[in-house]
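Peer 1: Got a predicted structure here, sequence first:
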Amino acid sequence: MLACSIQRKDEIGNLHEKHLRRLNLKDEKQVTEIDMAMSSDVSPTGRRYAPGTPTGLRLWWHRHRLTVIPYLYIAPFFILFAIFLAWPVVRSFYLSFHKQQGISTPTFIGLDNYVNLVADPRFKQSLLNTTVYALGSLLLQIPLAFILAVVVNSKLVPWANAKSFYRLSYFVPLLTSAVIASLMFSILYDYNSGLINSYLMRAFGEEAKVGWVRNASVVKFSIILLLIWRFTGINSLYFVAGLQNIPKELEEAAAIDGANWWQVLFGITIPLMRPVILFVTVTAINGSYQIFAEPYLLTGGGPRDQSLSIVQYLYNTGFSYFNLGYASAIGYTLVTIIVILAILNLRFFGAFREDQ
Amino acid sequence: MTTSVQATTASAPRFSAIRIRNGALVSIANVFLLIGVLLAAIPFIYMISASFKPQNEIFTFPVQVIPKNPYLDNYTTLFGETLYLRWFLNTAIVAVGRTALSLFLCMLAGFAFAKYDFPFRRVLFVMVLASFTLPFEVVLIPLYTMMVRLGWLNTYWVLIVPFAASAFGIFLARQYALALPTELMEAARIDGSSELGIFFRIALPNLRPALAVMGIIFFQASWNDFLWPLIVLNDSAMYVINLALPTLRGPYGDQYGLVLGGAVIAVIPIIIIFFAMQRYFIEGIMAGALKG
């Protein structure tokens, strides 16, 4: 054992010698640095010297490459990031205080765009619609996803094969895009002969037909249904993953202490799932406020703007009416709403934590 | 400790009593879940089935899931009389191009953020993360104006370049690169490897799972994109599938067979990726929850 380690040390020493010879180093300082570099706990920034004797520019490169290289590595990303994201973000903010019609030069109008926005009935309608979509996600879709996850993860599904089958089937709606899902639903929702109305007619007669995409008081619900179809599965998967991270012992211990199923659920499972619930909620709210393709393709925002979303209003304003300043103001209002809601969410779940 | 053990033994019967062994409950739960599976699958099955039916049979009721005489005209018309093949190629070129560019940019930068220490590292990274929270719609107007100026409308560039620098991508790349053992890099350096050599010969081969996960995320995002193509493409020869599908409905919006056929083909690449790379696909989807 001892002999072995001594021999090994010698080997390492030999290697070290060889290395120094190869590097052809005469400078004492360099040798020390190499020594430091070769000791086991080198800092990742420690300088190294490549074979050969560096001079001039190459010497500079060898000395500084570890400081320069990371910048070279991040440069391509940040160049694109600056041009196509950072700059437009700033530019959009600037435009939101200007009036710009098409390619005309922007003229400064202060807060007028925002003032007009507050009074704009179409904007208010789109804000209301979008909020209803978000509430639909919060009150229908997320609870449904949570229940599905709890059931799949519980002893109610005792077979492992069935568990993975259910989880796999959650992926099915994820394979389609918003466009394909909307086109499929537009066929299912068809008033005269769509699948849903056909069944309703057979069961309840002619007057049971629902104007899924033409009845002003139903369209928002139709779109929420589509969103439930698309996103319940993925949210459920997030919840299942979260549930699997909860140590079984905790729930069992509570059960031993006499807690019933509901008490375990609300006292242990849900509080421990807080990070996942927060993530799902924030994502769902973000997604709902940015909804575009579904109402655009199903209803075109109608009837009478009853399904118009904020992004579609932005799109119409910017790309049908070419009112670029006003559209930018809509964009920034959307940003403000999303940021405020995210902060409220964090607060809400944060406060929840202090209660513990 | 002892007391808790005693408690365990004492209340063991009660514990098993609240365990759900009730056969009825199990069946109700599973029926409920199976209905859910069915509801998730019906639109899909309906789409595939109807794409093999002539226009006048799509809406016949009750629905025939497996058409009596499979009707292929929807598909032959798609490839024969529309630009579907071109749209499919456009979509594929854009998706592959954007995935490759994004992977390169994000991997290189994420690797630098994970494995090098340099001034402003934190500030720059936080800046990227902050852009996460921004809805991309906010940049639509200036970005569109920029594309007009660059003359990029109706090109592949307009779909590939602007969203290649993905904040989520760099975040994921850094997460994965953090797990790389620094000793490997040190050893390579001592052996005289160049820094670029370390990236290509050590980092990338060890980050293959990350490449797969991120590649799937980028590919799917590009494949499913709609709003941006809608704004920057108006030449039908340059359309991507998502943009072309709604136009297939025809002037009266009733040519559902074509639309559905087109949709079925458009989903196939994603389904192939899903089944061929299921582990990475799932990891990519979960990455949002567990790492974000």
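Peer 2: Sure, I can see it. The structure displayed is predicted, hence computed values, not measured ones.

Peer 1: wouldn't residue B:66 be in contact with residue B:49 here?
Peer 2: Yes: using C-beta atoms under 8 Å, residue B:66 is in contact with residue B:49, at 6.9 Å. Glycine gets a C-beta too; all of them are placed from N, C-alpha and C.

Peer 1: between the two, who's got more neighbours?
Peer 2: residue B:49 (18 against 8; other C-beta atoms under 10 Å in any protein chain shown).

Peer 1: Report how many residues lie close to residue B:29.
Peer 2: Neighbour tally, residue B:29, other C-beta under 10 Å: 18.

Peer 1: which other helices and strands contact the host helix or strand of it?
Peer 2: Element membership for residue B:29, per DSSP states H and E: helix B:23-51. The contact analysis (3 or more C-beta pairs under 8 Å, 6 or more residues apart in numbering or on different chains; DSSP states H and E) places helix B:23-51 against helix A:142-153, helix A:160-169, helix A:178-188, helix A:219-244, helix B:256-276.

Peer 1: now the fourth one: mean pLDDT?
Peer 2: Meaning helix A:219-244. Averaging pLDDT along helix A:219-244 gives 90.

Peer 1: near chain B at all, it?
Peer 2: Yes: using C-beta under 8 Å from any C-beta of the partner chain, helix A:219-244 reaches chain B at A:229, A:233-234, A:237-238, A:241-242.

Peer 1: now swap in the third one and tell me
Peer 2: Yes: using C-beta under 8 Å from any C-beta, helix A:178-188 comes into contact with chain B via A:178-181, A:183-185, A:187-188.

Peer 1: Please identify which helix or strand holds the spatially most central residue of chain A.
Peer 2: In chain A, the C-alpha closest to the average C-alpha coordinate belongs to residue A:283, at a distance of 5.7 Å (C-alpha atoms, centre = their mean). Here residue A:283 sits within helix A:274-289, counting by DSSP H and E.

Peer 1: Tell me, domain by domain, which residues of chain B belong where.
Peer 2: Using automatic domain parsing, the domain ranges for chain B come out as B:2-71, B:77-290.

Peer 1: Find the one among the ones you listed with the highest mean neighbour count.
Peer 2: domain B:77-290 (a mean of 19; mean count of other C-beta atoms under 10 Å in any protein chain shown).

Peer 1: remind me which residues of chain B are low pLDDT?
Peer 2: Along chain B, segments meeting pLDDT under 70 span B:1-22, B:61, B:253, B:288-292.

Peer 1: Could you do chain A as well?
Peer 2: A:1-54, A:350-356.

Peer 1: Next, the buried residues of the helix ranked longest in chain A.
Peer 2: When chain A is parsed with DSSP state H, its longest helix is helix A:324-354. For helix A:324-354, burial by neighbour count (16 or more other C-beta atoms under 10 Å in any protein chain shown) applies to A:324-335, A:337-338, A:341-342, A:345, A:349.

Peer 1: Please apply the same query to stretch A:287-306.
Peer 2: A:287-299, A:301, A:303, A:305-306.

Peer 1: Among those, which lie within helices?
Peer 2: A:287-289, A:293-298.

Peer 1: so which of those residues comes closest to chain B?
Peer 2: Lowest distance from chain B to these (C-beta to the nearest C-beta) belongs to residue A:293, with 4.8 Å.

Peer 1: Contact partners for that closest one?
Peer 2: A:177-179, A:182, B:226-227 (C-beta atoms under 8 Å, 6 or more residues apart in numbering or on different chains).

Peer 1: gap between residue B:136 and chain A?
Peer 2: 8 Å (C-beta to the nearest C-beta, to the nearest Å).

Peer 1: Now for that residue: which residues touch it?
Peer 2: A:290, B:163.

Peer 1: Kindly provide the distance from it to residue A:311.
Peer 2: 10 Å (C-beta to C-beta, to the nearest Å).

Peer 1: Please enumerate the shared neighbours of those two.
Peer 2: residue A:290.

Peer 1: Return the alpha-carbon coordinates of stretch B:273-286 using CSV.
Peer 2: What follows is stretch B:273-286, C-alpha atoms only, in CSV (Å, rounded to 0.1, in the frame of the first residue of the first chain):
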residue,chain,number,x,y,z
ILE,B,273,-39.5,12.8,-32.5
PHE,B,274,-41.7,12.0,-29.5
PHE,B,275,-41.5,8.2,-30.0
ALA,B,276,-37.9,8.1,-31.1
MET,B,277,-36.6,10.4,-28.4
GLN,B,278,-39.3,10.0,-25.7
ARG,B,279,-36.9,10.4,-22.8
TYR,B,280,-35.4,13.6,-24.0
PHE,B,281,-38.8,14.9,-25.2
ILE,B,282,-40.3,14.4,-21.7
GLU,B,283,-37.1,15.8,-20.1
GLY,B,284,-37.4,18.9,-22.3
ILE,B,285,-41.0,19.4,-21.3
MET,B,286,-40.3,18.9,-17.6
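
Peer 1: Would you mind listing the outside residues contacting that stretch?
Peer 2: A:171, A:174-175, A:234, A:237-238, A:241, B:209, B:212-214, B:216-217, B:219-220.

Peer 1: And it, how far out from the chain middle?
Peer 2: 9 Å (C-alpha atoms, centre = their mean, to the nearest Å).

Peer 1: Kindly report the same for stretch B:218-233.
Peer 2: Worked out by C-alpha atoms, centre = their mean, stretch B:218-233 lies 12 Å from the chain centre.

Peer 1: Stretch B:163-170 now?
Peer 2: Using C-alpha atoms, centre = their mean, the offset of stretch B:163-170 from its chain centre is 14 Å.

Peer 1: Please apply the same query to stretch B:24-42.
Peer 2: 27 Å.

Peer 1: now stretch A:237-253
Peer 2: 23 Å.

Peer 1: What residues of that stretch count as buried?
Peer 2: A:237-243, A:246, A:251, A:253.

Peer 1: Do me a favour and get the end-to-end distance for that stretch?
Peer 2: 26 Å (C-alpha to C-alpha, to the nearest Å).

Peer 1: what's in contact with it?
Peer 2: In contact with stretch A:237-253 (C-beta under 8 Å, 6+ apart) are residues A:145-146, A:148-150, A:152-153, A:167, A:170-171, A:264, A:268-269, A:272-273, A:275-277, A:279-280, B:15, B:282, B:285-286, B:288-290.

Peer 1: Among the contacts of residue A:293, list the two that are farthest apart in space.
Peer 2: A:182 and B:227 (12.7 Å; C-beta to C-beta).

Peer 1: the strands in the stretch 1-150 of chain A, which residues?
Peer 2: With DSSP state E, counting those that start in this stretch applied, the stretch 1-150 of chain A shows strands at A:98-99, A:107-108, listed in chain order.

Peer 1: re the thing from before, so of the contacts of stretch B:273-286, which ones are in helices?
Peer 2: A:234, A:237-238, A:241, B:209, B:212-214, B:216-217, B:219-220.

Peer 1: can you redo those residues as CSV with distance to residue B:243?
Peer 2: Below are the ones in helices among the contacts of stretch B:273-286 laid out as CSV (distance: C-beta to C-beta, whole Å):
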residue, distance to residue B:243
A:234, 24
A:237, 29
A:238, 30
A:241, 34
B:209, 33
B:212, 28
B:213, 27
B:214, 25
B:216, 22
B:217, 21
B:219, 18
B:220, 17
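
Peer 1: Backbone torsions only: list them for residue B:277.
Peer 2: Main-chain torsions, residue B:277, degrees, to the nearest 10: phi -130, psi 50.

Peer 1: mind checking how far it is from residue A:228?
Peer 2: 28 Å.

Peer 1: Also residue A:265?
Peer 2: Taking C-beta to C-beta, one finds residue A:265 at 22 Å from residue A:228.

Peer 1: Would you mind giving the secondary structure of residue B:249?
Peer 2: coil (DSSP: H, G, I helix; E, B strand; the rest coil).
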